[in-house]
Every structure is written in C-alpha cells, then in structure tokens.
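**Q** my questions concern the predicted model and sequence given below.
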Amino acid sequence: MSSQTIPVEPFDYVVFGGTGDLAERKLLPALYHRQVAGQFTDPTRIIGASRTEMSQKEYQKFAHAALKEHVKEAEYDKGEADKFVNRLNYVSLDAKADRGWDELKKILDEGTENVRAFYMAVGPSLFGDISERIRDNGLITEKTRIVVEKPLGRDLASAQDLNNTISSVFDEDQVFRIDHYLGKETVQNLMALRFANMLYEPLWNSAHIDHVQINVSESVGLEGRAGYYNNAGALRDMVQNHLVQLMCLVAMEPPASMNAKNVRDEKLKVLRSLKRIDTKNADKMTVRGQYKAGASEGGAVSGYLDELGEPSNIETYVAIKAEIENWRWSGVPFYLRTGKRMPNRVSEIVVNFKAVPHSIFGDAGQNMYANQLVIRLQPDEGVKQWIMIKDPGPGGMRLRHVPLDMSFAESFQSRNPDAYERLLLDVIRNDQTLFMRGDEVEAAWEWIDPILTAWEDTEQLAQTYTAGTSGPSQAIALIERDGRTWYDHE
Ligand code: BG6
C-alpha cells in the first residue's frame, strides 16, 4: 500500500532563522520531501531570512549541504535537490531594525497570490519585533499565516504575554502553534483508532480502563543545549507540551468533527479538568530526576552536572500521576513519564484495561493478564493489542498473553514522514487541527505552574539516576504504591 498525496496551492514560506539549526535539520529537509512527493505547485518559493549576510547562491549551498546531511541517502536525489534549491531566496535582515525588510517585500510582492507563511524559527523574544515589522511593511495578505514554536512561555504569565504580542498583529485563525508531537503519524492514528472503529470507544472510560501510561523516553543527553535546557527542564521542555497534548488526545470526548475548533475545544476541556498538583500533594504525585554518569548509546557518558559544568537542580526526568476530574475518567490515573539518558528511545501510550471480573479457568487462569493497547509513536510505529489466548496444542487449557501486533512500516511499506512534513503543509492547507490554540497553551501552563511553584517552595530535589537506566527509584514507587507497574516495552 502506498500513501497518496494531494498537491497544495502555490506558497511562499518565509523562514525567519533560515540559517539556524531548526531550518537546517528539520524545515528544509521536510519541505524537500514534500516536493519529492509531488505536493508543490509552481510557483512555490522558500525564502530564508536571518541576520547573517549571505548571497542567494550561498544560501542555496547551505540548503544543499543541509539536505545532504539530513535526508537519508536512499531518499536523496540530486535532481530533486537542485530543483529544490532553485526555489530558494535569501534575505539578510534585522528583526529589530529596517535593514532588509524592503528587499523581503520586493520578493514577496512578486507572489501576491501565493499563500504566505512566516515561520518563526527564532527565539520567542523576537516574535513581537518580527510580527510588527511584518505588519508595518504591509506584508500581510488575505492568505497570510504565522507559525510559532516552543518555548511558548516559561509559565502562565509569560505565555499570556506572548499570546498578547502575537494577537496584537495576527488573528487567532492565522496563528499556527507547532507541537511537533501532534504531527507524528501514530498520534493521528490514535484518533483513527478511537473514532474510526466501533471497538474501543464504548470501552474508553473508567468502567473498563484501569489506567493509562504515557512514556516518552530519550537516550540522548543535553545535546549541547545547556543554555536553553537548564532554564527549562523536562517539565517545561516535554510535559507542558508533548505529553500533555498526548494525554488530551487520549482523554478527550469525541469531537463532532475533525475540524480544528471541535478538536481543540475538546482538548481544552481535558486541560480544564486536570486535578491541581501543588504544594500539598506534589511530593506524592510527581518525581523529578537528574541523570548522573553512566552508560548510554553504547558508551560511557557524563552526568548532567558534568555536562553543564555547574550545580543545578533542574530535572532531566519527570514522572507524574495526573488525574482528570470528569465523568469519563474519574478514578483512572494517567501516569506520565519522560526522561533523557534512558536505556532506549521510545515513545508510547499504553491503555491498560481492567481485569476480567471473574476467571472461569481455575488454576489455568492464574496467568491471566489484563488487556493492554499499546500505541507506539517511535521507533517502529505501530499498535499492539495484548490479549489472552489459549496456548495452542493439546494438553489442556493453558492461557497466554500475546500481542496482536501491527507494525506500520511492515504493513504499509511506505516511509514514515517526519512530523514537520505534515505540519508545514497543514499551514498551507490552512488546517489548524494539529496545532495548539492560544487558550490551550495557557490552560496547560495553568496546570504546570503550581507544580513548578511546589517544587520551588518545598525544595523538591531532583533524584539522581544513572544514565542508561530507566529513572529514579522514586518513580517506580510512584506507580507501585498504587499496585501498578510501568509498562516494559520489550
Ligand atoms: C523537543 C525537546 O521538543 O522534543 C527536546 O525540546 C526533545 O528536548 C525532542 O529531545 C524530542 O522530540 P522527538 O521527536 O525526537 O521525540
């Protein structure tokens, strides 16, 4: 089976921070793949913009190198790469001064009919200046959109400031806030599983589900991002956005349709139902951890503090017992955990069903396990439904727990597109379903803020764990206190 692609209308993508890391590693390669897939309609252009002085030729060279480096060898095609770089323009401009804006306007004026997307691949402190210059230089057309990415604040107050800054120039329906986890193939499959099948939805509630686990583990460490990371920590970096968004998609009521308003309204209701975690209960409901030296990715690795070179209580691991106080989920905990320097890179959602009410199997039923639905986001995207069956063969009734296992790579034999490929073109299609609305971002911070405050007020320490292990022992205790265990993916 192969996937189908439908071309989008011609567009101009202006990437502020066009020479930065995100453009190089993600944005240019993602757009290249979409061109190869035949989704571009001419005259489509990509315009890199940044402070760096560079000619168009030099930018094309930069893009060529980015594709060579970040597109898999088997997917790299010299002819396509040449065609791609021919779409590129470059403008050297100053976000805080007039330099370069006339030139950008001149280029954009050649394509007034094109959809116009401004991607802010820059720090949030520049969002305001750039937005105002876009407006003041008359660059906003009817088909203009703006794309922003985290960090979308570091607490509720700063997120509100950011939203106000953006909304002073753009309407909410022009703003695309990226959470790249929403663009992952399996995350969208979660919605297909829930709402395109009759099987699960009737069971999707506290009567049949015992608890849910969401695990996003990474084997990497700081990756040279100390400046950003030590100001954020895993709660801000991963939980406030990616894990909370996943939880919303698992927990939301069925939206009336897949349109952006309906989906985002339902997610918002989940966020507003989250039980508050604060000074009174943070020590029971949360664990923060920090890795120390150990072994990972096939070799010895330093601890967080050694990488950082200074003392810090910032967490590289978080486990949280979240509770959603509404009719559907009352009494069903959502255990969230994420960490760096874990044994493997794995992201998955595990829906744990309740045990059968009564076993008819006598002694053979001693090996009875509850059903689990495992939605694997990465690597090896797929879905596993664990069920009980009879062990095949004669010899009486013996029961066995086995997975109905579907690996997407094997079943569909198509390449798994990077999340950015989907999201970048959703902007052009003007589909905000997989993007966060301003009120969602704020509601997520409303839940996170009291946790941050509690950690500060109670001086909750980041518990150490050895790099290459699966987190501090306190995180095991967090779930085992409730008579449950973390799902072990192997
Ligand atoms: C980013 C975080 O949002 O997500 C990083 O800032 C993290 O710290 C990354 O490594 C993980 O994304 P993925 O797609 O590799 O799971």
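**A** Thanks, I have the structure now.
**Q** number of residues surrounding residue 79?
**A** Look at residue 79: counted by other Cβ atoms under 10 Å, it has 8 neighbours. Any C-beta I mention is one placed from the backbone N, CA and C, and that applies to glycine too.
**Q** A helix includes it, no?
**A** Yes - Residue 79 forms part of a helix when assessed by DSSP: H, G, I helix; E, B strand; the rest coil.
**Q** and it, how far from residue 90?
**A** Per Cβ to Cβ, to the nearest Å, residue 79 is found 22 Å from residue 90.
**Q** with residue 426 instead?
**A** Counting by Cβ to Cβ, the gap from residue 426 to residue 90 is 25 Å.
**Q** more neighbours, the two?
**A** Between residue 426 and residue 90, counting by other Cβ under 10 Å, residue 90 is the more crowded of the two (26 against 22).
**Q** quick check: closest non-adjacent residue to the more buried one.
**A** Leaving aside its sequence neighbours, residue 90 sits nearest to residue 59 (Cβ to Cβ, 6 or more residues apart in numbering; 3.6 Å).
**Q** and what of residue 259?
**A** Residue 259 sits nearest to residue 433 (Cβ to Cβ, 6+ apart), 6.7 Å away.
**Q** now swap in residue 385 and tell me
**A** Residue 385's closest residue in space is residue 404 (Cβ to Cβ, 6+ apart), at 4.4 Å.
**Q** and the residue of the stretch 101-250 of the chain found nearest the ligand, how many residues sit next to it?
**A** Using Cβ to the nearest ligand atom, the single residue of the stretch 101-250 of the chain nearest to the ligand is residue 237, 4.8 Å away. When neighbours are counted by other Cβ under 10 Å, residue 237 registers 22.
**Q** and the pLDDT for residue 1?
**A** Looking at residue 1, its pLDDT stands at 42.
**Q** whoops, residue 255 was the one
**A** Per-residue confidence (pLDDT) for residue 255: 97.
**Q** next: residue 222.
**A** For residue 222, the predicted pLDDT is 89.
**Q** quick one on the thing from earlier: excluding chain neighbours, what is closest to the residue of the stretch 101-250 of the chain closest to the ligand?
**A** In space, residue 237 is closest to residue 229, 6.6 Å off (Cβ to Cβ, 6+ apart).
**Q** what helices and strands are in contact with whatever helix or strand the one you found lives in?
**A** Counting by DSSP states H and E, the element that carries residue 229 is helix 226-232. Under the contact criterion of 3 or more Cβ pairs under 8 Å, 6 or more residues apart in numbering; DSSP states H and E, helix 226-232 touches helix 304-308.
**Q** please compute how far the helix it packs on lies from its chain's middle.
**A** 25 Å (Cα atoms, centre = their mean, to the nearest Å).
**Q** now for that helix, which elements pack on it?
**A** Using 3+ Cβ pairs under 8 Å, 6+ apart: helix 304-308 touches helix 226-232, strand 286-292.
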